[in-house]
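Q: kindly generate the corresponding structure for this input.
(2 chains)
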Amino acid sequence: MTDLRETAAKPAPRRQRGKARPVKPGEIYGVPGQGDTHWLSIAAIIGFFFIWWFVTHMGWVKPLFVPSPQAVLKKFFDVLQNGFTNIPFWEHMAVSTARVFGAFLLACLIGIPLGLAMGMNPVVRGIFDPLIEFYRPIPPLAYLPLMIIWFGIGETSKVLLIFLSVLAPVTLGARSGVKSAAIEQIHAAYSFGATRWQVLWQVIFPSALPEILTAMRIGVGFGWTTLVAAEMVAATEGLGFMVLTASQFLQTSTVIMGIFVIAAIAYGFDMLMRWLERRIVPWKGRM
Amino acid sequence: MALHIDQASVIFPAADRQSPTEALRGIDLTIDSGDFVVALGASGCGKSTLLNLIAGFLQPTTGRILLDGSPVTGPGADRSVVFQKHALMPWLNVVDNVAFGLKLQGVPEAARHKVADRFIDLLGLKDFRTAPVYKLSGGMQQRVGIARALTCDPKVLLMDEPLGALDALTRERAQELILNIWDTTHKAVFFITHSVEEALFMGTKLIVMSPRPGRVTHRFDLPFSRRFLAGESARHVKASAEFIALREKVLGIIFADEEAAA
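A: This is a model prediction of the structure:
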């Protein structure tokens, strides 16, 4: 902290408007956006919670609109102990997580081979490209009624809705990943006598992995986004159900708590995926 | 072993309302075992097209390519290619990259590593055996590419500007390395380059090519690589009067092509 105050106290050197500042040792002149943001991010989070606490502490906003952080935390432990609508909290969490990851796994199992096939084969691409591009921009809420008419109000339509929202980004990622292999890599394999199948598995698939992993990260994000929509109709458990039900009873603290839990699970999974990325494709962007 | 190219022409079909491109016209070329054939020429003279023909990535519009009497119909392990760049597999380490061709042919891991290790030693990559290739310098990566091409014991080694992306010093060292390997393995080599000096220093036969349509305009037999392998220093060879005289002559041919095009 003392360092910060010292630098702040020094008079700013006069410099030309719009010109980059001289660099600190270890930095490269003129690269936009470089620098460590770690501590700033932590400070921003603390600042966010402080403002939240301060505003509610001063009573500037009614707890109905914004409950205090303590109330949300208290609600969390309350629901953790007593459950919500007589269903234990872990069950809400498990059901939602199972829906999202079940749909996500299914979307990966179908979307990755489909995307690779679309990239490799003009017939497959010709058939599936218009279909995927047609439904991709439609909000899941718009076709939710159709899902319910077709598949009822059970688990199928919920998982299917999430599945569809994950399928498009994963498929498109795998499809564009096919282009990552350089023609020299493909030619090299062929010149060693590789079959088409070997080229697919030994060259094209590994080259596409960075894009596939990125697409999976984006896809699971879509999955969580769609979760609440999927749990809007005839759900009796799940985090989305919890948030929606709580909002109907104006239990704002439960709503906010649910949002934080969803965010935490999604963030945790994203961290896992980033770790996997560093393990599986450490060469990403380096060759 | 001999590779014969017999009156080969390549015409790329017209695209987007342009007239068809005649990339190669009437190429005759023989590469025998132990030959080091260098193709030299301005951009667009069809050097790479010729290499793609030999490799089997491309079929001639007319004419034939025969390897030991049988026609070349596609890529195969008897003709390995060393590319300019971007051809290694970054998800494999050095030894697995070198053994990549054998893996595709179904050779078990222990056996293919044994073969790969021989070429890793030959190219001075011993200390980097398990290093990831994306962490190597450009010159080291190119050595991995050459080792990989050699492991399948090809009859012909096709090199498509393999040293084009290297800096000047690394490039001269790599030239000497390739010559030494050619001397030990006695492969037939087809080598493409932009650099007149490199072409003269490395080849036993030089073909100079001209664009529009791509064709062979001049042929030379070269003594310089043998002089280097006989013990003369590379700098001495490159500074000799014969070398300089031939360099000026070939440069003259290439500049004349450039001016005719401009």
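
Q: for the chain, which spans come out with low pLDDT?
A: Unless you meant another one, I'm taking chain A. Scanning chain A for pLDDT under 70 picks out A:1-21.

Q: the chain in question should be chain B.
A: Applying pLDDT under 70 to chain B flags residues B:262.

Q: write out the residues of it neighbouring chain A.
A: B:55-57, B:74-77, B:79-81, B:83-91, B:100-101, B:103-105, B:132-134, B:148, B:152 (C-beta under 8 Å from any C-beta of the partner chain). For glycine as for every other residue, the C-beta is placed from the backbone atoms N, C-alpha and C.

Q: any of these buried? List them.
A: Listed as buried from these are B:55-57, B:75-77, B:79-81, B:83-85, B:87-91, B:100-101, B:103-104, B:132-134, B:148, B:152; burial here means 16 or more other C-beta atoms under 10 Å in any protein chain shown.

Q: filter those down to the ones in strands?
A: Among those, the members falling in strands (DSSP state E) are B:R79, B:S80, B:V81.

Q: chain A: which of the residues you listed is nearest?
A: Distance to chain A across those (C-beta to the nearest C-beta) is lowest for B:V81, with 4.8 Å.

Q: what about that closest one, distance to A:S247?
A: To A:S247, B:V81 is 64 Å away according to C-beta to C-beta, to the nearest Å.

Q: following the helix or strand where A:I212 lies, which helix or strand comes up?
A: Secondary structure from DSSP states H and E places A:I212 in helix A:205-230. Once helix A:205-230 ends, the next helix or strand along the chain (criterion: DSSP H and E) is helix A:239-248.

Q: for the one residue sitting closest to the centre of chain B, what are phi and psi?
A: The residue lying closest to the centre of chain B (C-alpha atoms, centre = their mean) is B:M159, at 1.9 Å. When read as degrees, to the nearest 10, the backbone of B:M159 gives phi -120, psi 110.

Q: bridging across strands, which residues link to it?
A: Per DSSP bridges, the residues bridged to B:M159 are B:V82, B:F191.

Q: so it sits against B:I192, correct?
A: Yes. Taking contacts as C-beta atoms under 8 Å, B:M159 lies within contact range of B:I192: 6.6 Å.

Q: quick one: the helix or strand hosting A:I110 to helix A:239-248, angle?
A: Per DSSP H and E, A:I110 falls inside helix A:89-120. If you take axes from the mean of the first three to the mean of the last three C-alpha atoms, to 10 degrees, helix A:89-120 sits at 120 degrees to helix A:239-248.

Q: after helix A:89-120, which helix or strand is next?
A: Per DSSP H and E, the first helix or strand lying C-terminal to helix A:89-120 is helix A:122-135.

Q: tilt between that next one and helix A:89-120?
A: Taking the same axes, to 10 degrees, helix A:122-135 and helix A:89-120 form an angle of 140 degrees between their directions.

Q: and the gap between A:E231 and A:P139?
A: According to C-beta to C-beta, A:E231 and A:P139 sit 16 Å apart.

Q: between these two, who's got more neighbours?
A: When A:E231 and A:P139 are compared on other C-beta atoms under 10 Å in any protein chain shown, the one with more neighbours turns out to be A:E231, at 26 against 11.

Q: which residues touch the more buried one?
A: By C-beta atoms under 8 Å, 6 or more residues apart in numbering or on different chains, A:E231 lies in contact with A:S96, A:R99, A:K158, A:G238, A:L239, A:G240, A:F241, A:L244.

Q: now render these as CSV, adding distance to A:F89 and neighbour count.
A: Formatted as CSV, those follow (distance: C-beta to C-beta, whole Å; neighbours: other C-beta atoms under 10 Å in any protein chain shown):
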residue, distance to A:F89, neighbour count
A:S96, 11, 28
A:R99, 16, 25
A:K158, 20, 30
A:G238, 11, 27
A:L239, 9, 27
A:G240, 14, 25
A:F241, 12, 25
A:L244, 16, 18
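
Q: among those residues, which two are most distant?
A: A:R99 and A:L244 (14.4 Å; C-beta to C-beta).

Q: and B:A234, how far from chain A?
A: In this view, B:A234 and chain A are 29 Å apart by C-beta to the nearest C-beta, to the nearest Å.

Q: correct me, but that residue touches B:E176?
A: Yes. If you go by C-beta under 8 Å, B:A234 and B:E176 touch, sitting 5.8 Å apart.

Q: which residues are common contacts for these two?
A: Common neighbours of B:A234 and B:E176, using C-beta under 8 Å, 6+ apart, are B:F228.

Q: centroid residue for chain A?
A: Central residue of chain A (C-alpha atoms, centre = their mean): A:G221, 2.9 Å from the mean position.

Q: my guess is that residue contacts A:A266. True?
A: Yes. The pair A:G221 and A:A266 qualifies as a contact (C-beta under 8 Å) at a distance of 6.8 Å.

Q: can you name the residue of the stretch 151-262 of chain B nearest chain A?
A: At 5.9 Å from chain A, B:C152 is the closest residue in the stretch 151-262 of chain B, using C-beta to the nearest C-beta.

Q: tell me which element A:Q70 is part of?
A: According to DSSP H and E, A:Q70 maps onto helix A:69-82.

Q: what residues sit buried inside that helix?
A: Of the residues in helix A:69-82, A:P69, A:A71, A:V72, A:K75, A:F76, A:D78, A:V79 count as buried by neighbour count, 16+ other C-beta under 10 Å.

Q: same for chain B: which of these are within range?
A: Applying C-beta under 8 Å from any C-beta to the buried residues of helix A:69-82, none is adjacent to chain B.

Q: out of these, who's nearest chain B?
A: Among these, A:F76 lies closest to chain B (C-beta to the nearest C-beta), at 42.9 Å.

Q: now do the same contact list for the residue nearest to the closest one when sequence neighbours are not counted.
A: Nearest residue to A:F76 in three dimensions, chain neighbours excluded: A:M257, at 4.9 Å (C-beta to C-beta, 6 or more residues apart in numbering or on different chains). Applying C-beta under 8 Å, 6+ apart to A:M257 gives the contacts A:V72, A:K75, A:F76, A:V79.

Q: quick one: A:M257 is in a helix?
A: Yes. Assigned with DSSP: H, G, I helix; E, B strand; the rest coil, A:M257 falls within a helix.

Q: A:W224 contacts A:I262, correct?
A: Yes. At 6.1 Å, A:W224 counts as touching A:I262 under the criterion of C-beta under 8 Å.

Q: quick check: B:R112 touching B:L102?
A: Yes. Contact status for B:R112 versus B:L102: in contact at 3.7 Å, counting by C-beta under 8 Å.

Q: now for those two: what residues contact both?
A: B:T151.

Q: domain-wise, how is chain B divided?
A: Using automatic domain parsing, the domain parsing of chain B gives B:1-15+B:29-78+B:155-262, B:88-153.

Q: run through the residues that contact B:F83.
A: By C-beta under 8 Å, 6+ apart, B:F83 lies in contact with A:E184, A:H187, A:A188, B:G145, B:D160, B:P162.
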